[in-house]
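Enquirer: Sequence and predicted structure below; questions after.
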Amino acid sequence: MFRKALLIAPADAGLHGDMGNVLFRLGRFQEAQAEFMKTIALEPNSAAAYANLGNAQKALGLVDKALASLVRASALNPQLAEPYIISGDIHLGANRAIQAIGWFEKALTVRPNNTLALEGLGSALNAIERHAEALVIFDRLLAGGVRSLSAHIGRCVSLRQLGRIDEAVAAAAAATSLSPHRPEPHVTSGELQLMLSRFQEASEYFQRALAMSPNLPSALIGMGNSLSALGRPEVALDTFRRLLDLEPDNSTAYLGMGNSLEQLGRLSEAREAFERAVAVAPSVPTLHYALARTGPFCENDPRLSALERLAADTTIRYPSSEEACLHFALAKAYDDLKRYEIAFAHLKKANDVTRASLKYDADREAGTLGEIASRFTIDVLHKGAAGGQHSDLPIFIVGMPRSGTTLVEQILASHPDVYGAGERPELEDIVSSFSADNSVAFGPRDLTRDDFVAIGRRYVEQIAALAPGAKRITDKMPGNFRFAGLIHLALPGARILHVRRNAMDTCFSCYFTLFKGSLNFTYNLTELGTIYMAYEALMAHWRTVLPESTILDIQYEDLVSDFEPQVRRMLNFCNLPWDERCLKFYESANPVRTASLHEVRRPLFKSSIGRWRPYAAWLGPLRETLERPRARNT
């Protein structure tokens with residue numbers, strides 16, 4: 001219709017503008033740009049035409065031209081909100097959130113209730129971690145009756161970052177209800193489930209999103225990460241490769257590919273993937289951190305030069321998660337170079353930044369561990385004994401993070417009768433489902449013998465499905481030390497291997513690690529010591545109230561120095577026959593997802609013993625916390 005009209009009136013600027021708008025909505029941005037330029041040629045002072053031209057140029061990736069067109073539009077008509085909004089979107093898309101905020105605020109001075117300007121401002125505030133302010137804006141929009149998917153998802157992001165996870169899940173559900181046939185809310189829900197370590201549920205959300213939009217990058221990334229977390233790194237690799245076929249310069253896909261290759265022990269290939277990621281997005285610290293993990297730094301290492309350039313660039317303001325990655329990577333680099341003072345400065349910065357972003361109470365968690373001990377007395381354990389689900393399938397490997405639990409699992413998983421399942425969430429999920437408030441700090445007085453049977457049966461059914469036919473399956477969730485008493489009652493045939501390591505080495509190794517998940521106590525030296533001492537007290541309690549045959553203590557230092565006898569001791573405890581392959585654990589193809597994945601791919605080494613000593617001058621708060629209870633008992 002417009003083409004016919006333009007044949008009749010080719011000099012009609014309005015017709016060219018209308019034609020451009022139609023072409024823009026059809027995604028034909030090059031043709032739209034041409035029509036808007038014709039409009040401007042006919043009406044040089046049309047602010048709307050310049051705004052439309054800027055929008056088309058933005059869609060074509062012509063950022064500098066777009067911004068110039070939008071500045072011209074604003075000069076012609078300062079009361080027009082659209083140029084400010086589009087400029088804000090451009091800056092936000094280029095990770096220049098502070099500049100974006102200025103443009104959105106200009107738009108709001110012209111139109112105080114403009115939905116697009118408010119959504120953009122909320123998103124920009126989220127990008128610079130002013131989540132509480134962003135939440136106020138999204139709440140304002142939704143309270144005003146705006147039916148906006150972007151506002152729901154933005155609100156979900158704000159709540160998630162503020163630690164209000166239950167509300168974030170509800171916000172994601174509201175977004176899904178508003179637009180059930182759009183993939184975005186399903187992706188948001190999947191990302192939340194990933195954050196909660198509910199990997200199967202996450203994969204189901206991403207699968208729904210992909211059913212609606214098979215090539216959606218965020219859904220493919222989420223699916224790949226879910227599959228990787230579910231112990232299916234080979235399938236995850238296929239997902240990341242599929243995305244790279246669509247977007248060869250997708251740095252996040254290269255990151256996911258590298259993580260999956262690391263799990264599989266294909267470390268040189270993983271390094272190549274991380275190098276590709278950094279080459280594509282050289283200003284993203286997460287990618288540099290992944291590359292930093294792949295091997296020790298040497299003098300004049302180009303990886304260190306790149307990190308130092310990022311740290312020196314004061315024009316970039318990183319989110320706290322990215323800033324932490326930058327400083328953890330620098331700490332590793334300087335540690336490898338034995339420049340310990342500067343390494344610790346970066347290490348402290350990384351941990352302080354991470355801790356500041358968390359809502360966490362170490363004293364409360366320590367109290368919870370103490371409450372578990374008070375509820376699982378020897379009397380109630382004796383009364384609850386002889387029940388549960390009798391199965392010798394599970395082998396639990398427990399202890400503090402970075403104590404050697406991954407090494408022990410890798411040794412056992414090298415045995416042909418053992419499947420290494422990694423860190424499994426099933427036990428805590430099942431236990432929590434038996435408590436109205438999802439508390440894990442309850443004891444036998446809250447449960448009947450039938451409950452113990454049900455807990456044990458459900459657990460065995462769920463882990464058996466991971467490896468049908470396996471004779472034994474390891475669950476290496478370190479925090480399951482909390483459940484030793486409950487395991488004894490619900491799964492009396494299970495074996496529990498407790499791995500211990502020097503307290504200072506354990507805690508310092510935790511402090512040196514950026515963990516995935518919710519190990520919030522690891523980012524502050526005093527809190528680390530507090531939780532370590534609470535863990536030690538609970539383990540001492542279990543040794544007092546449980547039969548000696550329930551738990552086998554494995555001292556990491558003894559395992560390293562007296563390897564074969566200690567391996568035989570573990571296998572005997574688990575009623576497993578001797579197998580030489582356990583001595584060559586580093587040759588196992590078993591996927592590894594933990595922070596120790598590089599260490600367990602090589603033969604035993606002793607360099608981790610005394611790991612903390614070069615940093616002794618800066619670890620006073622940790623030592624004081626670890627020594628305080630001993631001082632009271634002398």
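Expert: Here it is on my side, so go on.
Enquirer: mind checking the end-to-end distance for stretch 275-287?
Expert: Start-to-end span of stretch 275-287 (C-alpha to C-alpha, to the nearest Å) is 8 Å.
Enquirer: ugh, wrong one, stretch 335-343
Expert: 5 Å.
Enquirer: contacts for it?
Expert: For stretch 335-343, the surrounding residues in contact (C-beta atoms under 8 Å, 6 or more residues apart in numbering) are 296-299, 304, 330-334, 512, 614-615. C-beta coordinates here come from the backbone N, C-alpha and C atoms, glycine included.
Enquirer: switch to 6 Å and redo it
Expert: 296, 297, 331, 334, 614 (C-beta atoms under 6 Å, 6 or more residues apart in numbering).
Enquirer: Please report the distance of residue 425 from residue 376.
Expert: Residue 425 sits at a distance of 22 Å from residue 376 (criterion: C-beta to C-beta, to the nearest Å).
Enquirer: Those two: which is more packed in?
Expert: Neighbour count, other C-beta atoms under 10 Å: between residue 425 and residue 376, residue 376 has more, with 26 against 18.
Enquirer: Help me confirm that the more buried one comes into contact with residue 486.
Expert: No: assessed by C-beta atoms under 6 Å, residue 376 is found out of contact with residue 486, at 7.7 Å.
Enquirer: OK, contacts around residue 155?
Expert: Residue 155 neighbours (C-beta under 6 Å, 6+ apart): 138, 171.
Enquirer: so it is in which element?
Expert: Residue 155 belongs to helix 149-161 when assigned by DSSP states H and E.
Enquirer: Helix or strand next in line after that helix, which one?
Expert: Taking DSSP H and E, what comes next after helix 149-161 is helix 165-178.
Enquirer: and that following helix with helix 149-161, angle?
Expert: 170 degrees (axes from the mean of the first three to the mean of the last three C-alpha atoms, to 10 degrees).
Enquirer: roughly how far out does the very next helix or strand once past helix 165-178 sit from the chain middle?
Expert: Where DSSP H and E defines the elements, the next helix or strand beyond helix 165-178 is helix 183-195. Offset of helix 183-195 from its chain centre (C-alpha atoms, centre = their mean, to the nearest Å): 13 Å.
Enquirer: Not counting helix 183-195 itself, show me its contacts.
Expert: Contacts of helix 183-195 (C-beta under 6 Å, 6+ apart): 153, 156, 168-169, 172, 175-176, 201-202, 205-206, 208-209, 212-213, 216, 218-219, 222.
Enquirer: One more: stretch 105-114?
Expert: By C-beta under 6 Å, 6+ apart, stretch 105-114 touches 79, 81, 84, 85, 117.
Enquirer: Now which of the residues you listed would you call buried?
Expert: By neighbour count, with 16 or more other C-beta atoms under 10 Å, these hold 81, 84, 85, 117 as buried.
Enquirer: now, among these, which is nearest to residue 52?
Expert: Residue 52 lies nearest to residue 85 out of the buried ones among the contacts of stretch 105-114, by C-beta to C-beta, at 12.7 Å.
Enquirer: immediately after the helix or strand hosting that closest one, which helix or strand?
Expert: Element membership for residue 85, per DSSP H and E: helix 82-93. Sequence order places helix 97-110 as the next helix or strand after helix 82-93, per DSSP H and E.
Enquirer: List the buried residues in that next one.
Expert: Buried residues in helix 97-110 (16+ other C-beta under 10 Å): 97, 100, 101, 103, 104, 106, 107, 108, 110.
Enquirer: and the helix holding residue 155 with helix 183-195, angle?
Expert: Using the same axes, to 10 degrees: helix 149-161 against helix 183-195 is 10 degrees.
Enquirer: residues near residue 54, how many?
Expert: Per other C-beta under 10 Å, the neighbour tally for residue 54 reads 28.
Enquirer: residue boundaries of the helices in the stretch 501-634 of the chain?
Expert: 503-511, 525-545, 556-561, 563-573, 620-632 (DSSP state H, counting those that start in this stretch).
Enquirer: how about the ones you listed, which one is nearest residue 61?
Expert: Here helix 503-511 is closest among these (C-beta to C-beta), at 43.1 Å.
Enquirer: what's the angle between that closest one and helix 525-545?
Expert: 130 degrees.
Enquirer: how far does helix 503-511 sit from the chain's center?
Expert: The answer for helix 503-511 is 22 Å, by C-alpha atoms, centre = their mean.
Enquirer: What of stretch 225-235?
Expert: 14 Å.
Enquirer: and what of stretch 188-199?
Expert: The mean C-alpha position of stretch 188-199 is separated from the chain mean by 9 Å, C-alpha atoms, centre = their mean.
Enquirer: Next, the buried residues of stretch 180-193.
Expert: Per 16+ other C-beta under 10 Å, stretch 180-193 contains these buried residues: 182, 183, 184, 185, 186, 187, 188, 189, 190, 191, 192, 193.
Enquirer: Next: stretch 167-184.
Expert: So, applying 16+ other C-beta under 10 Å, buried residues of stretch 167-184: 167-169, 171-176, 178-179, 182-184.
Enquirer: pLDDT averaged over it - what is it?
Expert: What stretch 167-184 shows for mean pLDDT is 90.
Enquirer: Could I get the phi/psi values of residue 396?
Expert: phi -90, psi 130 (degrees, to the nearest 10).
Enquirer: Looking at strand pairing, list the partners for it.
Expert: residue 475, residue 496 (DSSP bridges).
Enquirer: Can I get stretch 471-480 in CSV, CA atoms only?
Expert: Extracted C-alpha coordinates of stretch 471-480, given in CSV (Å, rounded to 0.1, in the frame of the first residue of the first chain):
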residue,chain,number,x,y,z
LYS,A,471,27.1,-51.8,43.2
ARG,A,472,28.1,-48.8,45.1
ILE,A,473,27.5,-45.1,44.5
THR,A,474,29.4,-42.2,46.2
ASP,A,475,27.8,-39.0,47.3
LYS,A,476,30.5,-36.4,47.9
MET,A,477,28.5,-33.6,49.3
PRO,A,478,30.9,-32.4,52.0
GLY,A,479,28.1,-30.7,54.1
ASN,A,480,26.4,-34.0,54.6
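Enquirer: ok, back up a step: select, from the buried residues of stretch 167-184, the two members most distant in space.
Expert: The distance between the two most remote of those (C-beta to C-beta) is 22.4 Å, for 167 and 183.
Enquirer: Find the centremost residue of this structure, please.
Expert: Most central in the chain under C-alpha atoms, centre = their mean is residue 516, positioned 5.1 Å from the mean C-alpha point.
Enquirer: From residue 290, how far out is residue 282?
Expert: Taking C-beta to C-beta, one finds residue 282 at 13 Å from residue 290.
Enquirer: Those two: who's more crowded?
Expert: residue 290 (24 against 13).
Enquirer: ok, the more buried one - contacts?
Expert: Residue 290 touches 255, 258, 274, counting by C-beta under 6 Å, 6+ apart.
Enquirer: what's the pLDDT at the residue nearest to the first one when sequence neighbours are not counted?
Expert: Just to be clear, that refers to residue 255. Using C-beta to C-beta, 6 or more residues apart in numbering and skipping the chain neighbours, the partner closest in space to residue 255 is residue 277 (4.9 Å). What the model reports as pLDDT for residue 277 is 96.
Enquirer: Kindly indicate whether residue 277 is helix, strand or coil.
Expert: With DSSP: H, G, I helix; E, B strand; the rest coil as the basis, residue 277 sits in helix.
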